[in-house]
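**Q** Below are the sequence and a predicted model for it; my questions follow.
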Amino acid sequence: MVDLLTREYEVNYSHIDNRGIAKPSFLWNVMQDAATVHAEALHIGPLDLRIVWVLSRVKVRLSRPLLPYERLRCETWCPGIKGVSWYRSFAFFVGDKPVGDAQSMWVTLDPETHRILRPSAFPEAQQYLHTARGELFAPLPKLSCDNVRLHHVHEVRYSDLDVNNHVNNVRAVELISDALDLQKQPGFVSEMQVNYTAETACGEALSLLTGTVDGARYIRGEADGKARFEAVASLSPLPDRKEGSV
């Protein structure tokens, strides 16, 4: 069985921001694709289990920004299962050099009721455990901030939706990036955790609230007073390309 999946992705100009580096959403696109391909290889994809896979929490670390036409190698594997969550890890490389990693937690939902289905409900979960490698990381924590202000309101439209008919996890990162005002920041997002707490449907007004927690930037998307996703992001200085830092 495929206990480790490796795929390569090119950073093209559709992924690049106004500062000439890859947007944070590029890595979320990579992880979404790699996780889907690996799940299908393990025969635990949506069509195999007749379920919906939903990303619940993810934390990404990046040692440097990614540049146009670099080829990113993504490795992903399953460290195990705990409670209702299926755990997944990622490692990122450019050439032979590691440039980042990620830990993620996923849940499976009934496609009709959208209720969580525990891994114990599937005999196929044993195959997931059979192919597990590496140590099971600690559960990613809850996020919160007591002092927030409204940054802007986004009305959910067609371009925000995924196959499950709600705001896609990648699109949420793009909205988070808007709230971070990355277009005028002197640094790149070197670490970001996103917790997805509830679905957001087309037509809903999504308020993007911002604050600070322990020196990091906090962002919450909420509608009708209910949090839909939360994030904490840290920025690091952009390397000087003239010195060959990247």
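**A** Good, I have the coordinates. Note that the coordinates shown come from a computational prediction; the quantities given were computed from them, not determined experimentally. Residues are numbered from 1 along each chain as shown.
**Q** Low-confidence stretches in this structure?
**A** Applying pLDDT under 70 to the chain flags residues 1, 241-246.
**Q** What segments of it are helices?
**A** 24-41, 46-49, 125-130, 169-179 (DSSP state H).
**Q** among these, which is nearest Leu62?
**A** helix 24-41 (7.1 Å; Cβ to Cβ). C-beta: built from backbone N, CA, C; applies to glycine.
**Q** other SSEs contacting the closest one?
**A** With contacts taken as 3 or more Cβ pairs under 8 Å, 6 or more residues apart in numbering; DSSP states H and E, helix 24-41 sits against strand 4-10, strand 52-62, strand 71-82, strand 85-94, strand 97-109, helix 169-179.
**Q** Show me which positions of that helix end up buried.
**A** In terms of neighbour count (16 or more other Cβ atoms under 10 Å), helix 24-41 has its buried residues at 24-32, 34-35, 38-39.
**Q** follow-up on the earlier one: now the helices of the chain as JSON lines including distance to Ser236?
**A** Output for the helices of the chain, formatted as JSON lines (distance: least, Cβ to Cβ, whole Å):
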{"stretch": "helix 24-41", "distance to Ser236": "13"}
{"stretch": "helix 46-49", "distance to Ser236": "36"}
{"stretch": "helix 125-130", "distance to Ser236": "34"}
{"stretch": "helix 169-179", "distance to Ser236": "15"}
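**Q** out of those, nearest to Leu55?
**A** Nearest to Leu55 among the helices of the chain is helix 169-179 (4.7 Å), distances taken as Cβ to Cβ.
**Q** I would like the residues contacting that closest one, please.
**A** Here helix 169-179 makes contact (Cβ atoms under 8 Å, 6 or more residues apart in numbering) with 23-25, 28-29, 32, 55, 58, 151-152, 154, 159-162, 167, 189, 192, 194, 196, 206, 208-210, 219, 221, 228-229, 231, 233.
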